[in-house]
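**Student:** next come a sequence and a model predicted from it.
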Amino acid sequence: MTEWHHLFGLALKDFFTDSAYQVELEKDLSLKQQFLDVVIIEQEAQSPIPQLPDGLENLSRHNLVTFKSIRQPLDGWSLDELVGHYVNYRKQESPSVKRLLPAEDFRLYAVTTRKPQKLATAIALKKLKRGIYQLQWGSHQIRVVVLNEVRKVKRNAIWQLFSGVGEKVQFGASHYQWRRTDTSTVIYDLYQHYKVEGIVMPYTLEDYYKDFTRRHLDWLTKEELLERLSIEDRLKGLPAKDRLKGLPAESFLKSLPSKEIEAYVKKLRRRPQKRK
């Protein structure tokens, strides 16, 4: 499993966290190791996700996903592999070969960074919406998601991260809400991979970390937030009455030098008394 595929799988794992679907990576489907990129499995006891990315609206109980990154073509062999994985997976998940789970419990998806132009000349790609296609491969329908074509809207933020287009990656990084603390660093590795590919990011890692921190301040307790501030920073901008609020006068006076207290008392005595 390449780094691109691993990052793609981790992002989907994060997206479906605490939802009605569980995501498994590198699913071993045979004695001779053959790994399916991602499988998204419905969990009946969990909550559904209110808004799915384009192309995943028709999720079933078992959803098999093959992913092709920037330099990988989605071709006929890729689809053959996906169907082969489906056959193995369905056998493994069924009670027995004679009692296979129903075919409607399974969906096949091919997610690709760029449109498979060569494949499109050999087989009809039915366009369902922008960046989303359907194709017939043998007896199987496969949903194709072209990441650099899908609409640049918030629900597609996770797709934009892997689109290979600088401004779209920027949009994804600034709008995708990470659900798991252990997968949020995916963005760092992702930026490093784009750097290797020579893709310029107008949105820097520093920009991302600032936005990420703003969006996830609620992950920290008040005590943890205050630990990062100096006494001067905590008091900056507060009027004197708010700084002293709740502090007994005796405690405050004990913190002052006696000369300052005596000078202030003398000053008060010199003030003209108001007539009653």
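**Tutor:** Good, I have the coordinates.
**Student:** ok, so what distance separates the spatially most central residue of the chain from residue 13?
**Tutor:** Here the mean C-alpha position of the chain is nearest to the C-alpha of residue 178 (Cα atoms, centre = their mean), at a distance of 3.9 Å. Look at residue 178 and residue 13: by Cβ to Cβ, to the nearest Å, they are 11 Å apart. Any C-beta I mention is one placed from the backbone N, CA and C, and that applies to glycine too.
**Student:** kindly report the same for residue 52.
**Tutor:** 15 Å.
**Student:** in which helix or strand would I find the residue nearest to residue 97 when sequence neighbours are not counted?
**Tutor:** Excluding its sequence neighbours, the residue lying closest to residue 97 (Cβ to Cβ, 6 or more residues apart in numbering) is residue 91, at 6.0 Å. Secondary structure from DSSP states H and E places residue 91 in helix 76-93.
**Student:** and residue 45, which helix or strand is it part of?
**Tutor:** Of the helices and strands defined by DSSP H and E, none includes residue 45.
**Student:** can you give me phi and psi for it?
**Tutor:** Note on residue 45: its backbone torsions stand at phi -80, psi -10 [degrees, to the nearest 10].
**Student:** how near is it to residue 86?
**Tutor:** 25 Å.
**Student:** those two: who's more crowded?
**Tutor:** residue 86 (20 against 5; other Cβ atoms under 10 Å).
**Student:** correct me, but the more buried one touches residue 64?
**Tutor:** Yes. Contact criterion Cβ atoms under 8 Å: residue 86 and residue 64 qualify, at 5.5 Å.
**Student:** overlap in contacts, these two.
**Tutor:** Here residue 86 and residue 64 have 106, 108 as joint contacts, going by Cβ atoms under 8 Å, 6 or more residues apart in numbering.
**Student:** the spatially closest residue to residue 125 that is not a sequence neighbour is in what secondary structure piece?
**Tutor:** Once flanking residues are discounted, residue 125 sits nearest to residue 133: 4.2 Å by Cβ to Cβ, 6+ apart. Secondary structure assignment for residue 133, by DSSP H and E: strand 132-137.
**Student:** dump the helix holding residue 91 to PDB, restricted to CA.
**Tutor:** Below are the C-alpha coordinates for helix 76-93, written out as PDB (Å, rounded to 0.1, in the frame of the first residue of the first chain):
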ATOM      1  CA  GLY A  76      -9.400  -1.900 -17.000                       C
ATOM      2  CA  TRP A  77      -6.900  -3.800 -14.900                       C
ATOM      3  CA  SER A  78      -7.800  -1.700 -11.900                       C
ATOM      4  CA  LEU A  79     -11.500  -2.500 -12.400                       C
ATOM      5  CA  ASP A  80     -10.700  -6.200 -12.800                       C
ATOM      6  CA  GLU A  81      -8.900  -6.100  -9.500                       C
ATOM      7  CA  LEU A  82     -11.700  -4.300  -7.800                       C
ATOM      8  CA  VAL A  83     -14.200  -6.900  -9.000                       C
ATOM      9  CA  GLY A  84     -11.900  -9.700  -7.900                       C
ATOM     10  CA  HIS A  85     -11.600  -8.100  -4.400                       C
ATOM     11  CA  TYR A  86     -15.400  -8.000  -4.300                       C
ATOM     12  CA  VAL A  87     -15.700 -11.700  -5.100                       C
ATOM     13  CA  ASN A  88     -13.200 -12.600  -2.400                       C
ATOM     14  CA  TYR A  89     -14.600 -10.200   0.200                       C
ATOM     15  CA  ARG A  90     -18.200 -11.300  -0.400                       C
ATOM     16  CA  LYS A  91     -17.200 -14.900   0.200                       C
ATOM     17  CA  GLN A  92     -15.400 -14.100   3.400                       C
ATOM     18  CA  GLU A  93     -18.200 -12.000   4.800                       C
END
